[in-house]
Each structure stands twice: as structure tokens, then as C-alpha cells.
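Student: make a model of this:
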Amino acid sequence: MKSIYTLSRDELFAQSRIPLRAIPDMDSCYREIAREMLDAIRSRQGERIVFIVPVGPVGHYQYFVDTVNRERISLKNVWFFNMDEYLNDDGTMIDEKNPLSFIGFMKNNVYGKIDPDLVMPESQRFFPTIGQEKKLTDTLEKLGGADICIGSSGINGHIAFNEPPEPGDEISDEAFADLPTRELNISRETLTINASRMLGGSFDLIPKRCMTIGMREILASKVIKLYYFRDWQWAILRKALLEDPTRKVPASFLQRHPDAEIIATDALIDPMNFFIP
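Tutor: Reported below is the predicted structural model:
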């Protein structure tokens, strides 16, 4: 079999095990995510709709907020379940005032920017928090699961902070796919990428633990859409699309989902111009 790293653009589309769609660039991804969310809300015409949403990517929220306010789109029947949050080294929740806080980001840049007459009530905004894991899972299940899960994946294929098992962890693929909302260690790969992106490489400052919504909740979503637009996602995109589903690449479990799609920029779909031995 030809290496997944040497496939042409046409071969990648032909062999992909997950529906794949191309988009021009990063900003197109942000606009697309906002459009997907807004179209879904409009299509329900005031009926309840439940989202699992990320903080990372975040570029779509400005387009989302601006359109909601401009077009007077009511979110009163919309539920947001955020994917994850950092923990302090002592296991407590990171302060919302910390610039790394996902909860703080949502409150300051999404909920706090939407007209109060339009924004959903606080009772319909959920975050994975210590001691409230069961409440989040139970609430999501009572709502019938998420209608749409929107996100991306890490350099090792994690969705939310569902990191691949550490060496020596004998968990099966089936058990991994059924993991619920919980706290866990962040992998060294993810720590390195996040420290590089957000803290100028200050590896010692990036939180080492987190809370995450589980693979159980994500894979139970009726629709899943993952967006790939960062240069370091070039390889993991191919592993998720082309290799057998495995806990070692959590995004690959989308191959088993009945309504999943991956949207990637042209730069990530095109072959890489480097030597592969």
C-alpha cells in the first residue's frame, strides 16, 4: 500500500474513510464553522438544539456573535456544552481570570458579547468541572445527546482532551470510546504544541492536567464535524482518515460514526513538498 504520507490529493479523497471536504484557508474554516452553527439554529425555528463546542478553534466565535446580534437570532433554545478546561497542578479548576481559561474565554468573548435579550440562560451553558462530571453527562443524555459536535483534533489525534492512552495502559478501543467526562493528564505532545502556540514555548507554564468531555458524549453526537487548518495537523489528518480506527488516534473513531465529516484546508489536503524516505 502506498504510504499515507505520499498520497496525491485525488488519492486522499478517494481513499478517505471519513467524508472529506476541502476549504481554501483558515479564515474560511472559521466562517464555515459559524455558518454551520447558525444554519443549524435557524433550521430548528425555535426548537431546542444542543451543541458540543470547543475553545480551540476559537476564530469562529466572532463571526457567530456578530451575526447573532446583527440578525437578532435568539439562542434561548440553544444549549452549549464546552469540551474541556485546564486544571491547576493541585487538581483545582484554573481561575477564570487566567488568560488560558476556556471558561473565561467563553464568558468574556461569547456569552458576554451577545445581546442579553438573545443569549441562552446560564442553565444552558455547561463546562466540564470537578465534581459536576455526572451532572454534565446526565444532562446531555436527558437532552438526547448533542445534535452537533464541532471541533478539531490535536497533533496526536485527541478530540477535546481525550488523549491517547499512555504507554502501558491496556484499555481497549471499545473501552476508550466509552470513556465519560473526567479529569486526566495532558500528553507531552499536546503540552508542547500548546506551550508553543500560546506561551512562546514556556513549557513550564502550561497546565499539565485538564477536565474533558468524554469520547462517549462526543461519539453519541448526531453529527460530528472536525476542522483541520493548522500546519502541524497535516500528518494526523491522514492517520485519522486512512488508518484503522484506534484509541491511539482518537479522531479515527469518526470512521465508525454514521454522520461525521472532516473539513480541511487545501494546504493540508495537498501533498507535502518534502522528502519521505
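Student: which residues sit in contact with residue 26?
Tutor: 59, 229-230, 265 (Cβ atoms under 8 Å, 6 or more residues apart in numbering). All C-beta spots, glycine's among them, are computed from the backbone N, C-alpha and C.
Student: nearest to residue 148 among those residues?
Tutor: Lowest distance from residue 148 to these (Cβ to Cβ) belongs to residue 59, with 17.8 Å.
Student: that closest one: neighbour count?
Tutor: Other residues near residue 59 number 16, with proximity taken as other Cβ atoms under 10 Å.
Student: same deal with residue 47?
Tutor: 8.
Student: before we move on, the earlier item: got the contacts of residue 26 as CSV, with distance to residue 256 columns?
Tutor: Formatted as CSV, the contacts of residue 26 follow (distance: Cβ to Cβ, whole Å):
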residue, distance to residue 256
59, 29
229, 24
230, 25
265, 25
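Student: from those residues, list just the buried residues.
Tutor: 59, 229-230, 265 (16 or more other Cβ atoms under 10 Å).
Student: looking at those, which is nearest residue 189?
Tutor: residue 230 (13.6 Å).
Student: just the terminal-to-terminal distance for stretch 15-34.
Tutor: Distance between the boundary residues of stretch 15-34 (Cα to Cα, to the nearest Å) amounts to 29 Å.
Student: check what pLDDT residue 212 gets.
Tutor: For residue 212, the pLDDT comes out at 97.
Student: quick check: it touching residue 185?
Tutor: No - applying Cβ atoms under 8 Å as the test, residue 212 and residue 185 come out as separate, 11.0 Å apart.
Student: of the two, which one has the most company?
Tutor: Comparing residue 212 with residue 185 by other Cβ under 10 Å, the one with more neighbours is residue 212, at 26 against 14.
Student: mind naming the longest helix for the chain?
Tutor: helix 26-44 (DSSP state H).
Student: and the helix or strand that comes right after that one with helix 26-44, angle?
Tutor: Using DSSP states H and E, the helix or strand that follows helix 26-44 in sequence is strand 49-53. Inter-element angle recorded for strand 49-53 and helix 26-44: 160 degrees (by axes from the mean of the first three to the mean of the last three Cα atoms, to 10 degrees).
Student: average pLDDT for the helix or strand just after strand 49-53?
Tutor: Next along the chain after strand 49-53, taking DSSP H and E as the criterion, comes helix 60-71. The pLDDT scores in helix 60-71 average 98.
Student: run the chain-centre distance for helix 60-71.
Tutor: 20 Å (Cα atoms, centre = their mean, to the nearest Å).
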